[in-house]
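Visitor: test case, fold it:
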Amino acid sequence: MEVKGIVTIGLEHIHPHPDNPRKDLGDLTELAESIKKNGIMQNLTVIPKEGEPGEYITIIGHRRSAAAKLAGVTEAPCRVVEGMTDKEQMSTMLEENMQRNDLTIWEQAQGFQMMLDLGETEDTIAEKTGFSKKTIRHRLNIAKLDSKTLMEKERQDGYQLSLTDLYELEKIKDVKTRDKILKDSTDSRDLARRAINAQKEQKRQENMKLYVAMMKKLGLDQRGEVQKAIAKEALIQCEPLVPIDTGILKQSGHIENDGELIVWNQPYAKFQYYGMLMVDEVTESPWSKKDGKKKLTDTPLKYHGQGESHWFDKAMQNGGREKLIEVAREEVRKRST
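Guide: Below is the predicted model:
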């Protein structure tokens, strides 16, 4: 890489870099007025355009170049660098862009991901940009979201996507689930509600995996008699926490697949479990046709009498898991004597 020094180049010969990480240069009005009054105070950094003598590609100064053209300026002071590799070009643009305070969250996320792809580490990115490693990790998780959907949401009127919302999404491990929530959400509040519900579902699945892992650790057949005994005990542990009005939901609790599943199969069991009202996706009514699809809202349910939401999770947290282990051990002991 060789620096040729500062030269004056006509702006008609200076072109934006096709891979500039910053796609939106923002409002250039104030910068254009400043350049019109004071000139270009800081030189651009450019490289010769391959195969086109006298033409140059911008590395640093895309906004200055665009604003200068807007201001009617015809030439700019440039630092010409030759022999810059593709990696060096991208790295330089990214480092320069990451220092700006007007980048969108998505632009930052993309920038950090590109730096990572170029061989940087979280440590070197933090050193070069001044961001903490925690912030960098957050932005890298944001970069995993579907870019098209995220950009559409950022442009959508009334849809103000905050870092808090994105951090709620980040807590969901499955990227496809994150993208679906982002796509289906109608506003920031709706996104946060969907994300929190997905986190609860994720926790429920994790508890179920722990339950299955416990069985495997004990060396038990998942469909054996011990499995059935444990499932029956789990059902008993849940019983005091299942919401009860007429008692139909509670009575519907049963075991399927030789103890692999515990099921409450009433039509309203799902929203009772999550503790949120469900409405028809089309009509927004609590009532829907037989084949109609429902969605969870952020309206909490009021339980009459006994019961609460997430009864399986709470049963496992309140000593239920230890009780299942006791039952498993006792069943194993009975079958081994």
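Visitor: any idea how far stretch 209-216 is from the chain center?
Guide: Chain-centre distance of stretch 209-216: 28 Å, with CA atoms, centre = their mean, to the nearest Å.
Visitor: neighbours of Lys23, how many?
Guide: 10 (other CB atoms under 10 Å). For glycine as for every other residue, the C-beta is placed from the backbone atoms N, C-alpha and C.
Visitor: in terms of contact, does it touch Thr104 like I think?
Guide: No - contact criterion CB atoms under 8 Å: Lys23 and Thr104 do not qualify, at 9.5 Å.
Visitor: let's verify Ile255: helix, strand, or coil?
Guide: Assigned with DSSP: H, G, I helix; E, B strand; the rest coil, Ile255 falls in the strand class.
Visitor: which residue ranges form the helices in the stretch 1-150 of the chain?
Guide: Listed in chain order, the helices of the stretch 1-150 of the chain (DSSP state H, counting those that start in this stretch) span 29-38, 62-70, 86-98, 105-117, 122-129, 133-142, 147-155.
Visitor: closest one to Lys171 among those?
Guide: helix 133-142 (9.5 Å; CB to CB).
Visitor: angle of that closest one against helix 147-155?
Guide: 110 degrees (axes from the mean of the first three to the mean of the last three CA atoms, to 10 degrees).
Visitor: and the helices of the stretch 1-150 of the chain as a markdown table, adding mean pLDDT?
Guide: Converted to a markdown table, those look like this (pLDDT from 0 to 100):
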| stretch | mean pLDDT |
| --- | --- |
| helix 29-38 | 90 |
| helix 62-70 | 92 |
| helix 86-98 | 80 |
| helix 105-117 | 79 |
| helix 122-129 | 83 |
| helix 133-142 | 83 |
| helix 147-155 | 73 |
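Visitor: which one of those helices lies closest to Ile230?
Guide: Here helix 133-142 is closest among the helices of the stretch 1-150 of the chain (CB to CB), at 36.3 Å.
Visitor: other residues contacting the closest one?
Guide: 105-106, 108-109, 112-113, 116, 122-123, 125-126, 129, 131, 150, 163, 166-167, 170 (CB atoms under 8 Å, 6 or more residues apart in numbering).
Visitor: ok, stretch 117-126 next?
Guide: Applying CB under 8 Å, 6+ apart, the contact partners of stretch 117-126 are 87, 90-91, 94, 112, 115-116, 128, 131-133, 136-137.
Visitor: looking at these, which is nearest Gly259?
Guide: Arg137 (40.3 Å).
Visitor: for the longest helix along the chain, name the packing helices and strands.
Guide: With secondary structure taken from DSSP state H, the chain has its longest helix at helix 188-217. Packing partners of helix 188-217 (3 or more CB pairs under 8 Å, 6 or more residues apart in numbering; DSSP states H and E): helix 163-170, helix 175-184, helix 225-238, strand 294-300, helix 311-315, helix 321-336.
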